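J.: have a look at this prediction, sequence included:
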Amino acid sequence: MQLTLNRFRPRVGFALTILAIAAGGCGSSSDDNSSTNSAAAPSGNASSLPAAVRDKGKLVVASDASYPPMESLAEDGKTVVGFDADLAAALGKDLGIDVDVVNATFDGILPGLASGKYDVGLSSFTATAEREKSFDMVTYFEAGTSYFAKAGSPPIDNLDQLCGKTVAVEKGTTQVDQLTAQSNKCESAHSKPIKQLVFPDQNGANLALSSGRAELSTADSPVAAYLVKRSKGQFELSPKIYETAPYAIAAKKDTGMAKALLGSMKRLIDDGTYGRLLSRWGLSSAAIKTPQLNVASSG
């Protein structure tokens, strides 16, 4: 997975704070918002890229800029910033090609890869066997799922406590699947199902929580922790992290792109670039030692 939502105007107070989290990330979530995040240096590694990408002269990377600190919009409302944007720039430099990071809704990234609109999806995607049926995925991060609520709310120590709750969640994320599975368990145990409020991006889920429409929200663990930290005491994080799994960079299947990305990730880890980027964003605990290709379906 990975925060992406329609940017609608908050009414007052903390809703405005949440929509501005991490870098004034309050702009349009349309695919037209993009930024060039690296000026590529000449590199022999460019030969590993698909010919179509080399001929185009740039790598178009799609990212849902509503998920800080992984990706969000800068104060200009256009430039994508965050760990994933920095990693995209580093990959481009290593591969000797310019990188254009485009802001896109999360559930539109994989279809955009399939159609050729984007070359790479780098947006906190959890590596799953289902996704790997259609896309090649290169691991680069480890994260789980966390829950958070308004300050003073009872913490979620067990997923059974979600039964009967209203939970705000981003469309297309693994959290939707997890909540659906848990809701089915609730009903099987003769408890009330979970009511999901599903939003196009994480900002909408945050607003639903802050306005009282939802009792809880959920996101990938580093994102949830970041949001709570930036909430100035308005939100509290439940202590447990559930279903830890790797994030992966997505590419169209069998094009050679994933192999190029895999080689580049290995070099960035070996030369220390990867570690420095994680440290810059306070994410060192999520580091992996070795990137892998299609790990979910090969395990």
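T.: Cool, the structure landed.
J.: for the rest of this, base every contact and every neighbour count on C-alpha atoms.
T.: Noted.
J.: next, the residue of the chain most remote from its centre: phi, psi?
T.: Counting by CA atoms, centre = their mean, the extreme residue of the chain relative to its mean C-alpha position is residue 190, 34.0 Å from that point. With angles defined as degrees, to the nearest 10, residue 190 shows backbone torsions of phi 60, psi 30.
J.: what about the helices in the stretch 51-200 of the chain?
T.: Listed in chain order, the helices of the stretch 51-200 of the chain (DSSP state H, counting those that start in this stretch) span 51-56, 83-95, 106-115, 129-132, 174-188.
J.: so which bits of stretch 179-193 are buried?
T.: Of the residues in stretch 179-193, 179, 180, 182, 183, 184, 185, 186, 192, 193 count as buried by neighbour count, 16 or more other CA atoms under 10 Å.
J.: reformat the residues you listed as JSON lines; add distance to residue 126 and pLDDT.
T.: Conversion of these to JSON lines gives the following (distance: CA to CA, whole Å; pLDDT from 0 to 100):
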{"residue": "179", "distance to residue 126": "15", "pLDDT": "98"}
{"residue": "180", "distance to residue 126": "17", "pLDDT": "98"}
{"residue": "182", "distance to residue 126": "18", "pLDDT": "98"}
{"residue": "183", "distance to residue 126": "21", "pLDDT": "98"}
{"residue": "184", "distance to residue 126": "22", "pLDDT": "98"}
{"residue": "185", "distance to residue 126": "23", "pLDDT": "97"}
{"residue": "186", "distance to residue 126": "25", "pLDDT": "98"}
{"residue": "192", "distance to residue 126": "28", "pLDDT": "97"}
{"residue": "193", "distance to residue 126": "25", "pLDDT": "98"}
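J.: ok so, going back, please identify the most buried of the helices of the stretch 51-200 of the chain.
T.: Most buried of the helices of the stretch 51-200 of the chain, by mean neighbour count (mean count of other CA atoms under 10 Å): helix 83-95, with a mean of 25.
J.: please put the alpha-carbon coordinates of that one into CSV.
T.: Once non-C-alpha atoms are left out, helix 83-95 reads as follows in CSV (Å, rounded to 0.1, in the frame of the first residue of the first chain):
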residue,chain,number,x,y,z
PHE,A,83,10.9,9.0,0.8
ASP,A,84,9.4,7.4,-2.3
ALA,A,85,10.1,10.5,-4.3
ASP,A,86,13.7,10.6,-3.1
LEU,A,87,14.1,7.0,-3.9
ALA,A,88,12.7,7.5,-7.4
ALA,A,89,15.3,10.3,-7.9
ALA,A,90,18.1,8.0,-6.7
LEU,A,91,17.0,5.2,-9.0
GLY,A,92,16.9,7.6,-11.9
LYS,A,93,20.4,8.9,-11.1
ASP,A,94,21.7,5.3,-10.9
LEU,A,95,20.1,4.3,-14.1
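J.: how close does the nearest residue to residue 123 once chain neighbours are set aside get to residue 111?
T.: Using CA to CA, 6 or more residues apart in numbering and skipping residues adjacent in sequence, the residue nearest residue 123 is residue 63, 4.7 Å away. Applying CA to CA, to the nearest Å, one obtains 13 Å for the distance of residue 63 from residue 111.
J.: same check on residue 223?
T.: The span separating residue 223 from residue 111 equals 24 Å under the rule CA to CA.
J.: do residue 122 as well
T.: Distance of residue 122 to residue 111, computed by CA to CA: 14 Å.
J.: who does the strand ranked longest in the chain touch, helix- and strand-wise?
T.: If each strand of the chain is counted by residues according to DSSP state E, the longest one is strand 135-150. Contact partners of strand 135-150 among helices and strands, from 3 or more CA pairs under 8 Å, 6 or more residues apart in numbering; DSSP states H and E: helix 202-210, strand 216-220, helix 221-230, strand 235-237, strand 242-252, helix 257-270.
J.: hmm, who's touching the third one?
T.: Translated: helix 221-230. Outside helix 221-230, the residues that touch it by CA atoms under 8 Å, 6 or more residues apart in numbering are 18, 21-22, 67-70, 143-148, 218, 234-237, 241, 283.
J.: what's the answer for the fourth one, then?
T.: By CA under 8 Å, 6+ apart, the residues outside strand 235-237 that reach it are 146, 147, 148, 149, 150, 151, 152, 153, 155, 224, 225, 228.
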